[in-house]
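Give the three-dimensional model of this entry:
(one chain, ligands or ions: 1)
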Amino acid sequence: YSALSGLLLLVATASSKAQTTDPYAGIIPAPAKLTKIAGNFTLSQETRIITDSADNKAVVFLASYLKDHRNLNLAINRNPGITGNQSLYIRYDASLPAEGYHLTVTPAQISIVGKGAGLFYGVQTLIQLFDNQKQGSINVPCVDIEDAPRFGYRGIHLDVSRHFFSVEEVKKIIDLAAQYKLNTFHWHLTDDQGWRIEIKKYPRLTQVGSLRAQTVIGNFNDRTPWQYDNTPHGGYYTQDQVRDVVKYAAERYITIIPEIEMPGHSSAVLAAYPEFGCEPGKQYQVAQIWGVFKDIFCPTDKTFAFLEDVLTEVMGLFPSKYIHIGGDEVPKDAWEKSAFCQNLIRKLKLKNEHGLQSYFIQRIEKFVNSKGRNIIGWDEILEGGLAPNATVMSWRGEAGGIAAAKQNHNVIMTPSSGGLYLDHAQGKSDLEPLSIGGYAPLAKTYAYNPIPAALTEAQQRYILGVQANVWTEYIATDAKLEYQLLPRMLALAEVAWSPLANKNFQDFSEVRLPHHLALLDREDYNFRVPAAIGAP
Ligand code: TNX
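Numbers count the residues shown, from 1 in each chain. Next comes the predicted model:
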């Protein structure tokens, strides 16, 4: 796939065409309302940034962008009384919608009006209007843009368990998310194949649980035996690193939602602390192959005490309103065989193991709620009855999301069938790198609409937004991670942000995308060149 970089020439050509014919051609996600105005503003070393906003993030981001990318060191003036031409105003206005902004560029000035995240997104749009030069003054085409997101939840997920990714790479993904106006990073920190976050009270989680002896690579065409890489794999984030990433994301208006998987996908925990499983004396192992495993937490008081300790440390690190508790793919075999579980089912008058799963999630929810937070779970948490305040992430199609919305529960749409599983292949050519299976070409991701027709208007309001997931069974390197993300993450951004009526795949893929691929190349991202502009 890195060989595709040969196609960059093509991208660069396409992009310079787009630049010369239409200086507005670059905005992704498409804004709600854009009106072109004649002329240009010249942003130069002479331009002053004038702001009345107490919230500094937009100003800091813009100033450091101009310094790093254009070698412009602009003076920042915090006296809003000052007026004058050749200034760039960043102004607070409480009347604009959440995350919305109003950007006006005239030959005399630039103004960005909004509040909080809105100002930040106004800056992101402005940067996308910049010309392609590497330094010096910038020609900004005059324009009036009124913009606000379609959804309040715009998420990208990353599985760091199946393969570990460095803090540096995680920040690079957060940069991308911010650039394209996503506001949530769902950090899948634990799974069967590795526990990736330091927990002070339980050091074996990382000492033992973050390491596996080797990794299965795959069986390629189903005819050859499974192959292993013969290389130990490990890695975890220290609490200091987590705090640093959380702060880095917050500076970009991105909330990080940590995920701690339970009661399934917990082989790595049980390898470290077998006493939280249902089978005394069993030697659990950090999984070395992919799939769904029968090693799950046993719902004992000891296990709940452990999970509460872990969640307490996690909540101390992540200020997010939501904590993701997993809940997906829980084979019930161990519970069926366990005398303790069968007694508990009788004692609590539950119907069956589904009831026990629901009891498990509800007990955790009570704890999380007691700390002022809410849980999110994968759609399996519907089985046996939803926890009263849970938000559902609908991944096995939209059925779970629809059912949850009908029960007045909040929903995030992320169906694997909707082109939102970025571990699926983007093309059908033999040149595509090995992936888990599934087919999610750019056009499919782009076409996804998170609002199912099956819901009434009132029920539709429970759809908070949309997310794409990057599971990393077959993604072991930064280059491949970026290849799987890009450019589909840009399509996700438009799905999550732009009004439905403004979506247009041809304009997105043929006019605006080439410009962005050239930018992403300059920013050192790897990506797939989509078929629409010349890939095989
Ligand atoms: C299903 S999506 C899973 C993950 C896998 C993924 C592969 C979900 C909640 N569970 O454990 O990595 O499929 O596409």
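
which residues sit in contact with the closest residue to residue 452 other than its chain neighbours?
Residue nearest to residue 452 in three dimensions, not counting chain neighbours: residue 398, with 5.1 Å by C-beta to C-beta, 6 or more residues apart in numbering. (C-beta placed from N, C-alpha, C; glycine too.) Residue 398 makes contacts with 413, 415, 418, 452, 454, as judged by C-beta atoms under 8 Å, 6 or more residues apart in numbering.

now residue 397
415-418.

Could you export those residues to CSV, including columns for secondary structure?
Below are the contacts of residue 397 laid out as CSV (DSSP: H, G, I helix; E, B strand; the rest coil):
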residue, secondary structure
415, coil
416, helix
417, helix
418, helix
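
which one of those sits closest to the ligand?
Taking C-beta to the nearest ligand atom as the measure, the ligand lies nearest residue 416 of these, at 6.3 Å.

Mind giving me the PyMOL select for the contacts of residue 397, buried ones only?
Applying 16 or more other C-beta atoms under 10 Å to the contacts of residue 397, the buried members can be selected in PyMOL as follows:
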select buried, resi 415+416+418
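
farthest pair in the contacts of residue 397?
416 and 418 (7.3 Å; C-beta to C-beta).

Write out the residues of the stretch 301-450 of the chain neighbouring the ligand.
328-329, 378, 395, 421, 423, 436 (C-beta under 6 Å from any ligand atom).

Check whether the one residue in the stretch 301-450 of the chain that gets nearest to the ligand sits in a helix, strand or coil.
Closest approach between the stretch 301-450 of the chain and the ligand, counting by C-beta to the nearest ligand atom: residue 328, at 3.6 Å. Classification of residue 328 using three-state DSSP returns coil.

Spatially, which residue comes closest to it, not counting chain neighbours?
residue 378 (3.6 Å).

Quick one: residues contacting that neighbour.
326-329, 392-393, 395.

I'd like these laid out as JSON lines, including distance to residue 73 and pLDDT.
JSON lines is the format used below for those (distance: C-beta to C-beta, whole Å; pLDDT from 0 to 100):
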{"residue": "326", "distance to residue 73": "47", "pLDDT": "98"}
{"residue": "327", "distance to residue 73": "50", "pLDDT": "98"}
{"residue": "328", "distance to residue 73": "49", "pLDDT": "98"}
{"residue": "329", "distance to residue 73": "52", "pLDDT": "96"}
{"residue": "392", "distance to residue 73": "48", "pLDDT": "98"}
{"residue": "393", "distance to residue 73": "44", "pLDDT": "98"}
{"residue": "395", "distance to residue 73": "47", "pLDDT": "98"}
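
for these, which one is nearest residue 155?
residue 393 (9.1 Å).

So the closest one belongs to a helix, correct?
No: Residue 393 is assigned strand when assessed by three-state DSSP, not a helix.

And the closest residue to it other than its chain neighbours, how far from residue 469?
Take residue 393 and drop its neighbours on the chain: the residue closest to it by C-beta to C-beta, 6+ apart is residue 412, 4.9 Å away. Using C-beta to C-beta, to the nearest Å, residue 412 is found at 11 Å from residue 469.

more neighbours, these two?
Neighbours per residue (other C-beta atoms under 10 Å) separate residue 412 from residue 469, with residue 412 holding more: 28 against 21.

and the more buried one, what helix or strand is that in?
strand 411-413 (DSSP states H and E).

Can you list the buried residues in whichever helix or strand comes after that strand?
Per DSSP H and E, the first helix or strand lying C-terminal to strand 411-413 is helix 442-447. Within helix 442-447, the residues that count as buried by 16+ other C-beta under 10 Å are 442-446.

okay if I get those as JSON lines plus distance to residue 370 and pLDDT?
Shown next, in JSON lines, are the buried residues of helix 442-447 (distance: C-beta to C-beta, whole Å; pLDDT from 0 to 100):
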{"residue": "442", "distance to residue 370": "44", "pLDDT": "96"}
{"residue": "443", "distance to residue 370": "45", "pLDDT": "96"}
{"residue": "444", "distance to residue 370": "41", "pLDDT": "97"}
{"residue": "445", "distance to residue 370": "38", "pLDDT": "98"}
{"residue": "446", "distance to residue 370": "42", "pLDDT": "98"}
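
and which of these is nearest residue 300?
residue 445 (42.4 Å).

Contacts only, for that closest one.
418-420, 422, 468, 488, 491-492, 495.

Of all pairs in these, which one is the farthest apart?
The span of those, defined through C-beta to C-beta, is set by 422 and 495 at 12.6 Å.
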